[in-house]
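*Asks:* Coordinates for the following, if possible.
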Amino acid sequence: MEARDAAEGLEYDLAVIGGGPCGLATAISARQAGLRAVVIEGHVVASTIAQYPTYVRFFSTAEKLSLGGVPFVVADEKPSRRDALAYYRTVVKHFALQVRQYEQVRAIEGKQGAFRVLTRTRAGEDRVVRAGAVVVATGYFGSPNKLGVPGEDLPHVTHVYREGHEAFQQDAVVVGGGNSAAEAALDLWRSGARVTLVHFGPTFDKRIKPWVLPDFENRVKEGSIAAQWNARVRAIEPRAVVVDVPEGERRIPASLVYVMTGFAPNLTLLRDVGVPIDPQTGIPAHHPDTLETSVPGVFIAGVVVAGFDANKVFIENGRYHGDRIVARLQGRPAPAPPRLSAELDS
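*Replies:* Numbers count the residues shown, from 1 in each chain. This is a model prediction of the structure:
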């Protein structure tokens, strides 16, 4: 530790909470600017991507998912989940990023120039990280939008879809009306499940992928997948999902239930440190150019910037958030945000 840091009691210039692509990109930006950064990740690096469906492919090209100028080379046009995990592991090693995995952040204390980040390891050891500034890049995958109905915590109910093999020749109910719900229903059907999709609206959400919609509609027309529109889940039972439909109550057989209702950003740390959160949008109070919150020295990066509308921030544009944060820390003008392409991850 340098003499100036010993006097200040700081270990790092920047502590990044969250080891997803946007958190890693922020740490890379800091490292390239000569700042000392640490990434604190509650699970494993790129844990959100690790929880994607096993065989999913990204909508963006590999180039738009790359970090720090390190080429992301794949054989196909669009990288798979496995390609992405291998790439982000490589990036961590290439830049020798200091990443503390399986370490949960419990609180942020202190003030600009003298923050204390309180953490706890998986083994139960309490630790303190001292940093001059903090970036919250916690993503959204760990906090699903729950239905809030009886039975949602039963063991055959999940908010994360991995693959359809487990539902072979089983009754499976998918709850939701977005891309994740439609793609899960199709994959379950192709894996031999008897599938019913339940959604409270009259049809799919507006942002459904254009090539997914006709595939799903054709499966419904031929009777391969059942769709129950205008249906609200009242309860989940061990062998059925109880829904309210315009005609009354209906019980849909279900050995497995996939609640694909999306996720919300985890804003607890920001609230606790004193950052106001807009109750309508879920967006933390922050400067749009520097991404510094109303609490000096506390920044946000990644999907947290978009609040409840996760479709506004993707890896494609969130990977540049670190450049703006580092510019602020070094007193430089924030670089202009990049333009998004027409192809975005969902």
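*Asks:* What helix or strand is residue 110 located in?
*Replies:* Element membership for residue 110 (DSSP states H and E) is strand 103-111.
*Asks:* and whichever helix or strand comes after that strand with strand 103-111, angle?
*Replies:* In the C-terminal direction, the helix or strand that comes right after strand 103-111 (DSSP H and E) is strand 114-121. Between the axis of strand 114-121 and that of strand 103-111 there is an angle of 160 degrees, by axes from the mean of the first three to the mean of the last three Cα atoms, to 10 degrees.
*Asks:* Just the CA trace of strand 114-121, in PDB.
*Replies:* The C-alpha trace of strand 114-121 is given here as PDB (Å, rounded to 0.1, in the frame of the first residue of the first chain):
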ATOM      1  CA  ALA A 114     -13.600   7.200   3.100                       C
ATOM      2  CA  PHE A 115     -16.200   4.500   2.500                       C
ATOM      3  CA  ARG A 116     -16.400   1.200   4.400                       C
ATOM      4  CA  VAL A 117     -18.100  -1.600   2.500                       C
ATOM      5  CA  LEU A 118     -19.200  -4.300   5.000                       C
ATOM      6  CA  THR A 119     -19.200  -7.800   3.500                       C
ATOM      7  CA  ARG A 120     -19.700 -11.400   4.600                       C
ATOM      8  CA  THR A 121     -18.200 -14.400   2.900                       C
END
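*Asks:* by contact count, what packs against the following helix or strand past that strand?
*Replies:* Counting by DSSP H and E, the next helix or strand C-terminal to strand 114-121 is strand 126-136. Contacts defined by 3 or more Cβ pairs under 8 Å, 6 or more residues apart in numbering; DSSP states H and E place strand 126-136 against strand 12-17, strand 37-40, strand 114-121, strand 298-300, helix 321-329. Placement of C-beta: from N, CA and C, glycine included.
*Asks:* Does the last one pack against any helices or strands, and if so which?
*Replies:* Helices and strands in packing contact with helix 321-329 are listed as strand 12-17, helix 21-32, strand 126-136; criterion 3+ Cβ pairs under 8 Å, 6+ apart.
*Asks:* Quick one: residues in contact with the second one.
*Replies:* Right, the one you point to is helix 21-32. Here helix 21-32 makes contact (Cβ atoms under 8 Å, 6 or more residues apart in numbering) with 13-14, 16-17, 36-39, 41, 45-46, 49, 65, 67-68, 88, 91-92, 95, 97-99, 135, 137, 139, 301-303, 313, 315, 318-323, 325-326, 329.
*Asks:* How about the helix of greatest length in the chain, which residues are buried there?
*Replies:* Taking DSSP state H as the criterion, the chain has its longest helix at helix 81-94. Of the residues in helix 81-94, those buried by neighbour count under the rule 16 or more other Cβ atoms under 10 Å are 81, 83-85, 87-88, 91-92.
*Asks:* I'd like to check the angle between that helix and helix 21-32, please.
*Replies:* Angle of helix 81-94 versus helix 21-32, following the same axes, to 10 degrees, is 20 degrees.
*Asks:* following helix 81-94, which helix or strand shows up next?
*Replies:* That would be, after helix 81-94 and using DSSP H and E, strand 99-100.
*Asks:* Flag the shaky bits of the stretch 151-300 of the chain, pLDDT-wise.
*Replies:* Judged by pLDDT under 70, the stretch 151-300 of the chain has no weakly predicted residues.
*Asks:* Which parts of it are helices?
*Replies:* Using DSSP state H, counting those that start in this stretch, the helices of the stretch 151-300 of the chain run over 179-190, 212-221, 268-273.
*Asks:* ok, the closest residue to residue 225 other than its chain neighbours - how many residues close by?
*Replies:* Leaving out its chain neighbours, the residue that sits closest to residue 225 by Cβ to Cβ, 6 or more residues apart in numbering is residue 219, at 4.3 Å. Using other Cβ atoms under 10 Å, residue 219 is surrounded by 20 other residues.
*Asks:* what's the answer for residue 74, then?
*Replies:* Residue 74 has 19 neighbours, counted by other Cβ under 10 Å.
*Asks:* Same check on residue 261?
*Replies:* Neighbours of residue 261 (other Cβ under 10 Å): 20.
*Asks:* shouldn't it be in contact with residue 159?
*Replies:* Yes - shown here, residue 261 and residue 159 form a contact pair, counting by Cβ atoms under 8 Å, at 7.4 Å.
*Asks:* where do the contact lists of those two overlap?
*Replies:* In contact with both residue 261 and residue 159: 144, 146, using Cβ under 8 Å, 6+ apart.
*Asks:* residues contacting residue 150?
*Replies:* The neighbourhood of residue 150, defined by Cβ under 8 Å, 6+ apart, consists of 235-236.
*Asks:* Thank you kindly, that will do.
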